[in-house]
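Asks: turn this into a model:
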Amino acid sequence: MTSAKPVRVLFLIDSIWGAGGAEMSLLRLVEHLPAQGYACRVITFHADEVSKGFLARFPCPVEVWPMKSLRHWSTLGLLKRLRRLVRQEKFDIVHTFFPASDLLFGPAAKFSGARVLISGRRDMGIVRQSWHRWAYRRMRGTYDQVQTVSESVRRYAIDTDGLDPERVLTIHNGVDAGVVVDASENLDSLREELGCVPGCPVVTMVANIRRIKGIDVFLRAAALVKQRFPDTVFLIAGVFGTNAEHITYKEEVVALRKALDLERKVRFLGSSTQVQRILALSDVFALPSRSEGFSNALLEAMACGIPPVVSAVGGNPEVVEDGVNGFLVPSGDSAAVADRVMRLLADPALRQRLGAAARQRVLERFTVEVMVRQVADAYSALLDTKALAREGAALFSQP
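Replies: This next block holds a predicted model:
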């Protein structure tokens, strides 16, 4: 760090609905960056009443600037407001998450005087439309750096957006591996609440109910596991979406659960504040996603010593080494998911060995401390480069 004064960072994120992957990573950054010499502020353009409790956890100023849509005339007022704020507060760094922030508000902040603009990329383009692809290519020169959550996302961003590889840096998500519920804790009340009798196997999935997460694959795998281990309970912690596509998928998976005779075995838990305790009573974690940037839920399960069975997509293979600290399966292959889950349920020693290796992997490479240090180092390097460029320009401009 080149200055004793706190470096001012403005985070712009399209929406904060609750404790999703991007939201949790952002929360962890603003909790820990001040110790590295950074002062943080957050602006989001979509939030609701449900997210208020989550927003209250942020230790820095968080503002909600409601936006109707990118094309609505009122968005111009938000851009003017942002320009005034950036000029007044003189932010050193603007760090964006998701398309509206990446493509509109972030560049506007840079053109208003922010020294550094960083775009955070967290997925394999699963929500992009054709105009997004065009816009990201057009705006690629605006970013001083693009930070991706996995090498898979990095390769996607370089190939799809035409980015200079030198400007694209992978910084994996990190979790607080110290926040783990001791398996010896009395979890009887939670077991009773979830309908898990003592001794029954528990297979857990933590993901919002989206087609991309493969809930239907999980259900088909559960039906196969049930044939061999009929006492198994399957838990899905995550919320149903509210747009038309998500509602259609909700109806599909609810009907599939009924058709597979799993209504008494599969529990949709919704949003839960007890994820760590749920993981503590689980035997296996499953995440058969069709696409994945880099999963916080996977890291949290591994930090708890729960062996994972995950699809070999996106960033998952960067965390899970097949047969060493978990199992990788082909995307969409419910039979493969069921086979690996049953292998773990049938072999407690294997379960313990892979679970211990999973936790060790997280402790070595995927903690909050590692993530924050890498982000802070990247910020510092970018600011130093900018300072040297200014000094060089001033030197050459002298008569």
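Asks: make it CA atoms for all contacts and neighbour counts henceforth
Replies: Fine.
Asks: select the longest helix from this structure.
Replies: Longest helix in the chain by number of residues (criterion: DSSP state H): helix 368-397.
Asks: buried residues of that one, list them for me.
Replies: Residues 368-376, 378-380, 382-383 are the ones in helix 368-397 that count as buried (16 or more other C-alpha atoms under 10 Å).
Asks: which of the residues you listed sit farthest apart?
Replies: Taking C-alpha to C-alpha as the measure, the buried residues of helix 368-397 span a maximum distance of 22.5 Å, between Val368 and Leu383.
Asks: can you redo the buried residues of helix 368-397 as CSV with distance to Val320 and pLDDT?
Replies: Formatted as CSV, the buried residues of helix 368-397 follow (distance: C-alpha to C-alpha, whole Å; pLDDT from 0 to 100):
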residue, distance to Val320, pLDDT
Val368, 18, 95
Glu369, 20, 95
Val370, 18, 96
Met371, 18, 97
Val372, 22, 97
Arg373, 23, 96
Gln374, 21, 97
Val375, 23, 98
Ala376, 26, 97
Ala378, 26, 98
Tyr379, 29, 98
Ser380, 31, 96
Leu382, 31, 97
Leu383, 34, 96
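Asks: could these go into JSON lines alongside distance to Gln227?
Replies: Below are the buried residues of helix 368-397 laid out as JSON lines (distance: C-alpha to C-alpha, whole Å):
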{"residue": "Val368", "distance to Gln227": "40"}
{"residue": "Glu369", "distance to Gln227": "43"}
{"residue": "Val370", "distance to Gln227": "42"}
{"residue": "Met371", "distance to Gln227": "42"}
{"residue": "Val372", "distance to Gln227": "45"}
{"residue": "Arg373", "distance to Gln227": "47"}
{"residue": "Gln374", "distance to Gln227": "46"}
{"residue": "Val375", "distance to Gln227": "47"}
{"residue": "Ala376", "distance to Gln227": "50"}
{"residue": "Ala378", "distance to Gln227": "51"}
{"residue": "Tyr379", "distance to Gln227": "53"}
{"residue": "Ser380", "distance to Gln227": "56"}
{"residue": "Leu382", "distance to Gln227": "56"}
{"residue": "Leu383", "distance to Gln227": "59"}
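Asks: my read: His95 touches Leu117, true?
Replies: Yes. Between His95 and Leu117 there is a contact under C-alpha atoms under 8 Å: 6.0 Å.
Asks: summarise which helices and strands the longest helix of the chain is packed against.
Replies: Here helix 368-397 touches helix 21-32, going by 3 or more C-alpha pairs under 8 Å, 6 or more residues apart in numbering; DSSP states H and E.
Asks: which strands and helices lie in contact with the helix or strand following the helix it packs on?
Replies: Counting by DSSP states H and E, the element after helix 21-32 in chain order, helix or strand, is strand 38-44. Strand 38-44 sits against strand 7-13, strand 62-64, with contacts defined as 3+ C-alpha pairs under 8 Å, 6+ apart.
Asks: one more pass at 10 Å, please.
Replies: Using 3 or more C-alpha pairs under 10 Å, 6 or more residues apart in numbering; DSSP states H and E, the elements in contact with strand 38-44 are strand 7-13, helix 21-32, strand 62-64, strand 93-97.
Asks: mind exporting the C-alpha coordinates of the second one to CSV?
Replies: Extracted in CSV, the C-alpha atoms of helix 21-32 (Å, rounded to 0.1, in the frame of the first residue of the first chain):
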residue,chain,number,x,y,z
GLY,A,21,-22.7,-16.6,-3.4
ALA,A,22,-21.9,-13.2,-4.7
GLU,A,23,-23.5,-11.5,-1.7
MET,A,24,-21.6,-13.6,0.8
SER,A,25,-18.3,-13.0,-1.0
LEU,A,26,-19.0,-9.2,-0.9
LEU,A,27,-19.9,-9.3,2.7
ARG,A,28,-16.7,-11.1,3.6
LEU,A,29,-14.7,-8.6,1.6
VAL,A,30,-16.2,-5.6,3.4
GLU,A,31,-15.8,-7.3,6.7
HIS,A,32,-12.0,-7.9,6.2
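Asks: relative to strand 93-97, how tilted is that helix?
Replies: Counting by axes from the mean of the first three to the mean of the last three C-alpha atoms, to 10 degrees, helix 21-32 points 150 degrees away from the direction of strand 93-97.
Asks: now do the strands in the stretch 101-250 of the chain.
Replies: Applying DSSP state E, counting those that start in this stretch to the stretch 101-250 of the chain gives strands spanning 116-121, 145-148, 168-170, 202-206, 233-237.
Asks: contacts for the shortest one?
Replies: Think strand 168-170. With C-alpha atoms under 10 Å, 6 or more residues apart in numbering as the test, strand 168-170 has contacts from 118-121, 143-155, 157-158, 374-375, 378.
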